[in-house]
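A.B. asks: build me a model:
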Amino acid sequence: MKQFDLDRNYFEQIGLDSGALTMLGVIVHSLKEPGEYRGTVRRGKQPEASFYISADSNSPVAQVTIDLASLSSGPGDEKADCCKEEDKNRFVVNPKGYAMFRVSRGSGGYNVHIRRAAEDPKTAVYDSSQLQDGDVFSAIIVRPGRYAFYNLVTDAKGEIFVSYPVIGKTAYRPPAPVSVECTREGFKPNRIELQPGQGINCQIRVPSRIKIELAEPDDGPRGERERFKRGFRRRSLPKSTD
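C.D. replies: As a prediction, the model looks like this:
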């Protein structure tokens with residue numbers, strides 16, 4: 001039996017950046033126009049892999065999922081997919097559908113460049129480090145606490161509050177994701193409250209780069225006790241004058 005490996009990056013990563021995609025975030029993008037497209041997976045500015053998307057009007061596929069971590073795996077990576085390289089790096093979707101970019105494992109930090117395959121390779125049609133109108137950035141924030149919420153392109157600001165989990169008698173199921181519009185005027189709404197494991201969908205209306213940073217952790221009742229212990233000082237009793 002194959003041993004199940006739990007990727008610690010999922011639990012240890014705090015905060016998100018749509019321009020440096022990790023396991024906690026997903027970008028959904030529509031090509032809109034039919035044709036052949038070539039994509040490049042980058043970590044920062046360094047290209048790591050390439051892939052091709054056929055936006056075929058006759059295709060019944062409404063959404064294709066592209067795992068950036070799998071694409072960037074070298075030929076010697078034992079976790080790489082077993083399929084042929086040419087199949088692994090080629091996708092087909094209807095142009096009215098969507099390409100969903102995700103990271104299945106590792107520390108991430110990816111962005112994607114997409115251009116038409118027949119055009120000048122230096123001309124980028126789409127760069128995920130700056131999201132476009134119609135894109136969606138979906139995220140899950142694992143650690144409870146208060147987060148600062150930014151759009152680095154428009155300077156919009158907001159806050160996200162992730163509540164501490166409460167153990168109940170029945171199995172917990174996270175609520176549906178909260179939807180937020182990213183507009184030129186700012187986030188709508190700009191104050192978001194999330195339950196444990198609940199996602200957030202950022203509907204992009206203007207050029208955007210979304211960043212979420214932990215401002216104040218919520219360690220729950222145990223954390224309160226630990227802070228009390230660290231702050232507690234025993235006072236010495238006054239000496240008797242007898």
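A.B. asks: buried residues, stretch 181-196. List them.
C.D. replies: Cys182, Thr183, Phe187, Ile192, Leu194, Pro196 (16 or more other C-beta atoms under 10 Å). (Each C-beta comes from the backbone N, C-alpha and C, glycine too.)
A.B. asks: how near is the second one to Tyr126?
C.D. replies: The reference is to Thr183. From Thr183 over to Tyr126 the distance is 20 Å, taken as C-beta to C-beta, to the nearest Å.
A.B. asks: and for the last one?
C.D. replies: Distance of Pro196 to Tyr126, computed by C-beta to C-beta: 34 Å.
A.B. asks: out of the buried residues of stretch 181-196, which sit inside strands?
C.D. replies: Mapping these onto strands (DSSP state E) picks out Cys182, Thr183, Phe187, Ile192, Leu194.
A.B. asks: biggest separation within the buried residues of stretch 181-196, which pair?
C.D. replies: Spatial extent of these (C-beta to C-beta) is set by the pair Thr183 and Pro196 at 28.1 Å.
A.B. asks: pLDDT below threshold where in the protein?
C.D. replies: Within the chain, the stretches with pLDDT under 70 are 1-13, 74-88, 121-122, 124, 222-242.
A.B. asks: now do the same contact list for Gly15.
C.D. replies: Under the criterion of C-beta atoms under 8 Å, 6 or more residues apart in numbering, the neighbours of Gly15 are Tyr147, Lys211, Ile212, Glu213, Leu214.
A.B. asks: got the phi and psi for it?
C.D. replies: The phi and psi values for Gly15, taken as degrees, to the nearest 10, are phi 90, psi 160.
A.B. asks: how near is it to Arg105?
C.D. replies: Using C-beta to C-beta, Gly15 is found at 19 Å from Arg105.
A.B. asks: how is this structure carved up into domains?
C.D. replies: Domains of the chain are assigned by automatic domain parsing as 13-118, 130-228.
A.B. asks: give the partner strands of whichever strand or helix holds Ala148 in its sheet and their orientations.
C.D. replies: Here Ala148, judged by DSSP states H and E, is contained in strand 145-151. Strand pairing for strand 145-151, using DSSP bridges, gives strand 156-162 (antiparallel), strand 210-217 (antiparallel).
A.B. asks: hang on, isn't Leu24 packed against Ile140?
C.D. replies: Yes: the pair Leu24 / Ile140 is scored as a contact, 5.4 Å apart, by C-beta atoms under 8 Å.
A.B. asks: quick one: which of those two has more around it?
C.D. replies: Taking other C-beta atoms under 10 Å, Leu24 and Ile140 do not tie; Leu24 has more neighbours (22 against 19).
A.B. asks: name the SS class of Ala69, please.
C.D. replies: Classification of Ala69 using DSSP: H, G, I helix; E, B strand; the rest coil returns helix.
A.B. asks: okay, and the beta partners of Val112?
C.D. replies: Val41.
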